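# fold the following.
(chains A and B, ligands or ions: 2)
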Amino acid sequence: MMPAILVFAEAGGQEAIDKFANATSSGIALGAIYALLALGLVLIYKATQVLNFAHGALAALGAFFAAYLATVLNFPGRYATFLPLTMQWLLSALVAVLITALVGLVLERLAIRPMIGEPLFSVVMITIALDIVIRTITDDFIGNNPRPLGDPWGADVFNVGPAIIAKSEVATLIVTLICLIGIALFFRSRYGVAMRATAFDQEAAMAQGISAGRIFALAWAIGAGLAATAGIFSSLFPRSSIGVSNTTAFFAFRALPAIVIGGLDSITGAVVGGFIVGLAESYAGAYLVGDTWSFLGLGFAGVMPYIVMLVVLIVRPYGLFGTEEIRRV
Amino acid sequence: MLEVANLEVVYNDVVLVLRGLSLNVPDGEIVALLGANGAGKTTALRAITGILDIHEGDITKGSVTFDGEQIDGKDPSAIVRMGIAQVLEGRRIFAEMTVDDNLRAGAFTNTNKASITAAHERVMDLFPVLQGRRKDSAGYLSGGEQQMLAIGRALMADPKLLILDEPTLGLAPMLVQQIRDIIVDINRQDVSVLLIEQNANMALSIANYGYIMETGKVVMDGDPQKLLGDEDVKEFYLGLHSEGERKSFRDVKHYKRRKRWLS
Ligand SMILES: Nc1ncnc2c1ncn2[C@@H]1O[C@H](COP(=O)(O)OP(=O)(O)OP(=O)(O)O)[C@@H](O)[C@H]1O
Ligand SMILES: [Mg+2]
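Ligands and ions are numbered 1, 2, ... in the order given. Have a look, this model is predicted:
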């Protein structure tokens, strides 16, 4: 980063430094959300070999739950008025995440488990069907207008050196780090070890008495919880000024380049890929605009992750951290 | 303790692989199950331990009982919990995980901390080579060490019966001896053993009883002396002809398949 900053400093002085710092900080915050989405996708993929196309729908559902709990029911805040507002809101978000995890568990049991043994392609089709169903229901829940999440940070910002940072971005980053540490600790637990074993060799894991069904359900629950977390934070300022809406579900598809860059089957790759995509998108949004770049058209920042993905795939066909003999989706 | 009676197993609803297999593993004994490639040894193991499902296999006749309780139809984790552990053919260790995590995965059904610690100590006693490698990736172990890890992993479930599927396959003679001795040690610690092997010499040298199977059923059984003395067994499982030389398998009609180690 240092040399880059120097280059910009020479070229445009303070203004250039500010621009770079802002693009970097918002890229990291955006990357955190992509990392959460990618982590959930890879977790389900690793454990069950299925790419979950309903991930975005689960993210939107989670964001809706958070909005409903925080702004309509004031749950569980109304029983904990002694807590600061920030804590009350975080509790609502946590309950929303847990409910979505439960939804993931039920979905696995009802829609995915009966498909075990069928061709993977059919199972992936089921997740596409789930996406449509959950999205339709969530859109109904949300109603005609977007729902704000009632978070305590709103559009508040503060300065760190040259960068202007939104408080919600800091919250996003902290929550993401907590999730990452939580996942790392989980993988050392009894069930975490069992999940890694199942992901590596399902028959051998079953032979040790590990119930593959339970592991699948657990992967779906954790994946859905992570999707909800990402959905919630992608519905806050500055990602969204209106809250959760019928476009929230599509945000998750922007994390697809992240898992391809990281390598479909790598947890570390998902996280690194998420941040790479976030930064790439943010830099493209900051620099590839204006008259010089007008030929790229509007919204080029959204295309940038796919360009990075193509470049990575050319250099490393299995992604940065992926294994070579990766099975097809 | 383990009784397999008249077992019939079909893959994909059409391929009949076990045709009335019956065998017994008495408490505290080592029983050898021998047979050529494709005889159905691994299928018998899958039927006993409940992992036929994922191979599209079904038990269509017969039964498996363990300590008097019928176990066919139970799911694999319930069977492990009842006290049957297995070492799959080809080791199948979790190569991306550390040695210790492999052992922890083996202890999944064992929820008692003290008994996990005791099982871990027993494994380290049996396989001192694993002691120094506990934090290493299992994939970096040598073939022999991987087989030891696979056996150790199975022992973490604290089984009453251990089933091993060709544990000496592809190992050098020295290691074969070592594995053999370890199986004897394990058996002394009150674990009954069902030993599936192609290496009849090794298996019969430690077994109390032996079964020879062919195309899905037992064609001969008896104590090791009897089996070792049989001319046909000598020819096709020990690689010896009565005149001390090898003979083409075409000469003896009732053995249709050639053993791996004869060629
Ligand atoms: N999943 C399966 N689907 C269909 N047929 C199978 C399946 N698994 C095994 N078979 C067939 O069943 C027969 C017995 O196989 P099995 O693996 O039980 O033999 P084995 O005695 O263990 O042989 P080996 O000594 O080579 O390990 C073989 O003819 C094999 O082709
Ligand atoms: Mg076999």
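
# the closest residue in space to residue B:74 that isn't next to it in sequence: neighbour count?
Spatially, and ignoring its direct neighbours in sequence, residue B:74 is nearest to residue B:50 (5.7 Å; C-beta to C-beta, 6 or more residues apart in numbering or on different chains). (Each C-beta comes from the backbone N, C-alpha and C, glycine too.) Applying other C-beta atoms under 10 Å in any protein chain shown, we find 23 residues neighbouring residue B:50.

# look up phi and psi at residue B:50.
Main-chain torsions, residue B:50, degrees, to the nearest 10: phi 80, psi 20.

# again, but for the one 10 residues further on
For residue B:60, the backbone dihedrals are phi -100, psi -10 (criterion: degrees, to the nearest 10).

# for residue A:203, see how far away it is.
Applying C-beta to C-beta, to the nearest Å, the value for residue B:60 to residue A:203 is 22 Å.

# would you point out which residue is most central in the chain?
No chain in the question, so chain A it is. For chain A, the residue nearest the mean C-alpha position is residue A:37 (2.0 Å; C-alpha atoms, centre = their mean).

# nope, chain B please
The residue lying closest to the centre of chain B (C-alpha atoms, centre = their mean) is residue B:164, at 2.3 Å.

# just to revisit the earlier point, so the residue nearest to residue B:74 touches residue B:70, yeah?
No - using C-beta atoms under 8 Å, residue B:50 makes no contact with residue B:70, being 11.9 Å away.

# for ligand 2, give me its nearest residue in the stretch 201-329 of chain A.
Nearest to ligand 2 in the stretch 201-329 of chain A, going by C-beta to the ion, is residue A:203, at a distance of 13.2 Å.

# and residue B:60 and residue A:203? which has more neighbours close in?
The neighbour count for residue B:60 versus residue A:203, taken as other C-beta under 10 Å, is higher for residue A:203 (15 against 12).

# now the helix or strand where the more buried one lies: buried residues?
In the assignment (DSSP states H and E), residue A:203 maps to helix A:202-207. For helix A:202-207, a neighbour-count test (16 or more other C-beta atoms under 10 Å in any protein chain shown) marks A:202, A:204-207 as buried.

# kindly reformat those residues as a markdown table containing pLDDT.
Output for the buried residues of helix A:202-207, formatted as a markdown table (pLDDT from 0 to 100):
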| residue | pLDDT |
| --- | --- |
| A:202 | 92 |
| A:204 | 96 |
| A:205 | 96 |
| A:206 | 95 |
| A:207 | 96 |
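
# so which of those residues are also by chain B?
With the criterion set as C-beta under 8 Å from any C-beta of the partner chain, the members of these near chain B are A:202, A:204-207.

# circling back to that earlier point, confidence score at the residue of the stretch 201-329 of chain A closest to ligand 2?
pLDDT, residue A:203: 94.

# list phi and psi for residue A:144.
Per-residue torsions, residue A:144: phi -70, psi -30 (degrees, to the nearest 10).

# nope, residue B:220 is what I was after
When read as degrees, to the nearest 10, the backbone of residue B:220 gives phi -160, psi 140.

# what's the burial count for it?
Neighbourhood size, residue B:220 [other C-beta under 10 Å]: 15.

# do residue A:122 as well
Using other C-beta under 10 Å, the number of residues around residue A:122 comes to 9.

# would you mark the buried spots in the helix or strand encompassing it?
Using DSSP H and E, residue A:122 maps to helix A:120-142. Across helix A:120-142, burial judged by 16+ other C-beta under 10 Å covers A:123-124, A:126-127, A:130-131, A:134-135, A:138-139, A:142.
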